[in-house]
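In: sequence and predicted structure are below.
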Amino acid sequence: MIGPDHSEYDLARAVYNGAIDRRPALIVRPLDAADVAVAIQFARAGDLPVSVRAGAHGVAGHAVCDGGVMIDLRLLRDVRVDPVERVAETGGGATWIDFDPVCQRHGLATPGGTFGTTGVGGLTLGGGIGYLISRHGLTLDNLLRAEVVTADGDVLLADEHTTPDLFWALRGGGGNFGVVTRFWFRLHELRTLTGGLLVYDLASAAKVLRRLRDAVEDVPDELSLLLVMGQDRATGQQMAAVPVCWTGSSADARERIESLRSAPGLLVDGVRPTSYLQLQGTFGEVPFGARHYWKGHFVGAMPDELVDLIVAQLAAPPGGSVLIEPVQGLARRIPDDATAFANRHAAFNVSGMSVWESSADDAERIAWARAFGDGVRPYSLRGGGYVNYMGGDEPLERVEAAFGPEKFARLRAVKRRFDPDNLFRSNQNIPPAEA
């Protein structure tokens with residue numbers, strides 16, 4: 001237990017987004033689900049708010065609360081792999097840096113994030129868009145079971161057979177339904193791949209984005225592509241970069257990669273035979289402490305006018321970064337009602353990311369991201385974004401829009417069953433359904 005007078009208090013309460021400065025009354029570091037249950041009971045007895053920290057990578061900063069109990073899961077980060085059954089079990093505080101190497105020792109992997117410091121828990125509960133999305137779906141599509149501590153302090157094992165409604169809600173509904181202390185994932189063979197970055201001059205961003213749009217049209221499952229545009233934080237260079245993950249050998253996929261290689265403005269061709277761990281480390285480690293504000297939408301298509309709008313907004317002062325994530329392959333083919341995640345039929349997740357250092361720049365940096373979101377909104381699939389990227393000031397209407405009215409109503413019903421008092425509200429909150 002860490003209180004405000006503890007020497008590690010400031011370090012323990014720090015999260016990825018340096019704009020978040022909250023002071024919990026108590027930080028607890030449980031060793032198992034029983035410890036989490038005690039922390040929940042303590043918070044309820046004192047009528048204290050609760051937040052849950054896994055990787056603390058979310059830009060909203062929901063991992064830390066003011067004046068309440070912060071449940072810090074970072075001591076729960078062990079990873080165990082059964083290479084015969086191809087199943088990995090991990091604690092709720094693990095990051096992908098913890099998880100991936102243990103699986104890769106056996107030539108196995110499950111879809112994860114694109115930054116190693118991202119928490120396994122937060123990414124899974126909200127979605128999980130990464131390099132293996134085409135072949136193996138979202139991270140949550142590979143979740144087999146979860147150990148959950150509920151608001152009553154009960155410890156449940158949720159899967160599609162024992163508690164199907166809870167298991168459905170956990171896969172996309174975020175941390176609204178309990179504290180997930182353990183995850184079990186399906187693993188897939190992945191020993192080698194071809195991947196890396198194609199880096200372009202930013203002046204060619206519009207042409208590169210059009211090439212990417214065409215390259216992911218009916219793309220084979222063996223190929224996943226993303227696009228990042230903005231300033232490289234290591235070199236300061238303005239650039240556009242396409243991360244490539246190719247896990248097969250078809251001529252179709254090869255031709256799509258070659259079409260990107262031939263796009264104008266190519267500066268660096270880093271696509272070569274590599275390992276999954278090397279690909280996961282492409283962008284290095286993003287340090288905690290920079291200030292963040294992101295806005296985005298899932299869009300149904302990428303028409304030329306949207307391409308031009310994105311590139312124009314990218315150039316507008318003070319500038320930021322743009323992340324384009326195609327929703328492709330297996331992730332699109334899984335039935336929409338199988339999980340709470342509600343954007344399988346989007347073409348792209350388009351996010352404007354403002355990242356800066358000084359609080360003096362807060363107003364203009366936040367305004368840039370909001371203007372980006374406003375510009376993309378007319379093309380939005382349903383007016384909502386990706387819950388893993390949404391900020392801490394999102395209104396209830398936009399949270400509902402992220403799921404759509406039918407899924408949101410079902411999520412509210414599950415919330416009422418497992419957390420009727422809305423103890424777990426430090427998240428993109430889904431209020432319990434009325435009685």
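Out: Perfect, I can see it now. Numbering: from 1, shown residues only.

In: use CA for all of it now, contacts and neighbours both
Out: Fine.

In: once you drop chain neighbours, what's closest to residue 133?
Out: With C-alpha to C-alpha, 6 or more residues apart in numbering as the measure, residue 331 is the residue that lies nearest to residue 133, at 6.1 Å, once sequence neighbours are left out.

In: dihedrals phi and psi, the one you found?
Out: Here is the backbone geometry of residue 331 (degrees, to the nearest 10): phi -60, psi -30.

In: ok, it touching residue 132?
Out: No - the criterion here is C-alpha atoms under 8 Å, and residue 331 misses it with residue 132 at 9.6 Å.

In: let me see the contact set for residue 32.
Out: 76, 181 (C-alpha atoms under 8 Å, 6 or more residues apart in numbering).

In: stretch 330-343 spans what distance, first to last residue?
Out: Using C-alpha to C-alpha, to the nearest Å, one end of stretch 330-343 lies 13 Å from the other.

In: for it, list every residue counted as buried.
Out: Applying a neighbour-count criterion of 16 or more other C-alpha atoms under 10 Å, one finds 330-332, 339-343 buried in stretch 330-343.

In: ok, stretch 143-155 next?
Out: Within stretch 143-155, judged by 16+ other C-alpha under 10 Å, the buried ones are 143-151, 153, 155.

In: name the residues that touch it?
Out: Stretch 143-155 is contacted from outside by 33-34, 36-38, 40-41, 124, 156-160, 167, 171, 177-186, 418-419, 423-424, using C-alpha under 8 Å, 6+ apart.

In: mind redoing it with 6 Å?
Out: Stretch 143-155 is contacted by residues 37, 156-159, 178-185, 419 when judged by C-alpha atoms under 6 Å, 6 or more residues apart in numbering.

In: over to stretch 313-326?
Out: 226-230, 347-354.

In: one more time with 7 Å
Out: 226-231, 347-355, 365, 368, 372 (C-alpha atoms under 7 Å, 6 or more residues apart in numbering).

In: show me those residues that map onto strands.
Out: Among these, the members found in strands (DSSP state E) are 227-231, 348-355.

In: so how far is residue 423 from the residue nearest to residue 133?
Out: In terms of C-alpha to C-alpha, residue 331 sits 32 Å off from residue 423.

In: again, but for residue 5
Out: Distance from residue 5 to residue 423, counting by C-alpha to C-alpha: 26 Å.

In: in terms of neighbours, single out the busier of these two.
Out: Remark: of residue 5 and residue 423, residue 423 carries more neighbours, 21 against 8, as counted by other C-alpha atoms under 10 Å.

In: how about the strands in the stretch 201-350 of the chain?
Out: Using DSSP state E, counting those that start in this stretch, the strands assigned to the stretch 201-350 of the chain run over residues 223-225, 227-231, 238-246, 266-269, 272-274, 291-299, 321-326, 348-356.

In: quick check, pLDDT for residue 234.
Out: pLDDT, residue 234: 66.

In: which residues does stretch 124-132 contact?
Out: Residues outside stretch 124-132 that contact it (C-alpha under 7 Å, 6+ apart): 111-114, 138-140, 170-175, 224, 245, 341, 387-388.

In: doesn't residue 71 fall inside a strand?
Out: Yes - following the definition DSSP: H, G, I helix; E, B strand; the rest coil, residue 71 is counted among the residues of a strand.

In: my guess is it contacts residue 25. True?
Out: No - applying C-alpha atoms under 7 Å as the test, residue 71 and residue 25 come out as separate, 11.3 Å apart.

In: which of those two has more neighbours?
Out: residue 71 (26 against 16).

In: check contacts around that one.
Out: In this structure, residue 71 makes contact with 27-29, 51-53, judged by C-alpha under 7 Å, 6+ apart.

In: how about a cut-off of 8 Å?
Out: Counting by C-alpha under 8 Å, 6+ apart, residue 71 touches 27-30, 36, 39, 50-53.

In: which of these sits closest to residue 397?
Out: Of all the contacts of residue 71, the one sitting nearest residue 397 is residue 51; the distance, using C-alpha to C-alpha, is 22.2 Å.

In: how much space between the closest one and residue 290?
Out: Distance, residue 51 to residue 290, by C-alpha to C-alpha: 21 Å.

In: for residue 73, which non-adjacent residue is closest in space?
Out: The shortest distance from residue 73 to any residue other than its chain neighbours is 4.4 Å, reached at residue 93 (C-alpha to C-alpha, 6+ apart).

In: any chance of the buried residues of stretch 143-155 in CSV, with pLDDT and secondary structure too?
Out: Supplementary listing: the buried residues of stretch 143-155 in CSV, determined by pLDDT from 0 to 100; DSSP: H, G, I helix; E, B strand; the rest coil:
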residue, pLDDT, secondary structure
143, 98, strand
144, 98, strand
145, 98, strand
146, 98, strand
147, 98, strand
148, 98, strand
149, 98, strand
150, 98, coil
151, 98, coil
153, 96, coil
155, 98, strand
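
In: wait, residue 265 sits on residue 206?
Out: No - with the criterion set as C-alpha under 8 Å, residue 265 and residue 206 do not qualify as a contacting pair; they are 10.8 Å apart.

In: what residues sit buried inside stretch 305-319?
Out: Going by neighbour count (16+ other C-alpha under 10 Å), the buried part of stretch 305-319 is 306-308, 310-311, 313-314, 319.

In: closest to residue 379 out of those residues?
Out: Taking C-alpha to C-alpha as the measure, residue 306 is the one of the buried residues of stretch 305-319 closest to residue 379, at 7.8 Å.

In: so the closest one touches residue 377, yeah?
Out: No - Residue 306 is not in contact with residue 377 according to C-alpha under 8 Å; the separation is 10.4 Å.

In: picking up where we left off before, dump the ones in strands among the contacts of stretch 313-326 into a markdown table; add pLDDT as well.
Out: A markdown table is the format used below for those (pLDDT from 0 to 100):
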| residue | pLDDT |
| --- | --- |
| 227 | 98 |
| 228 | 97 |
| 229 | 97 |
| 230 | 95 |
| 231 | 84 |
| 348 | 98 |
| 349 | 98 |
| 350 | 98 |
| 351 | 98 |
| 352 | 97 |
| 353 | 96 |
| 354 | 96 |
| 355 | 94 |
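
In: which among those gets closest to residue 1?
Out: The shortest approach to residue 1 among the ones in strands among the contacts of stretch 313-326 belongs to residue 355, at 32.2 Å (C-alpha to C-alpha).

In: against residue 264, how distant is that closest one?
Out: With distances taken as C-alpha to C-alpha, residue 355 is found 27 Å from residue 264.

In: which one's more surrounded, the two?
Out: For the pair residue 355 and residue 264, the greater number of neighbours falls to residue 355 (21 against 14), based on other C-alpha under 10 Å.
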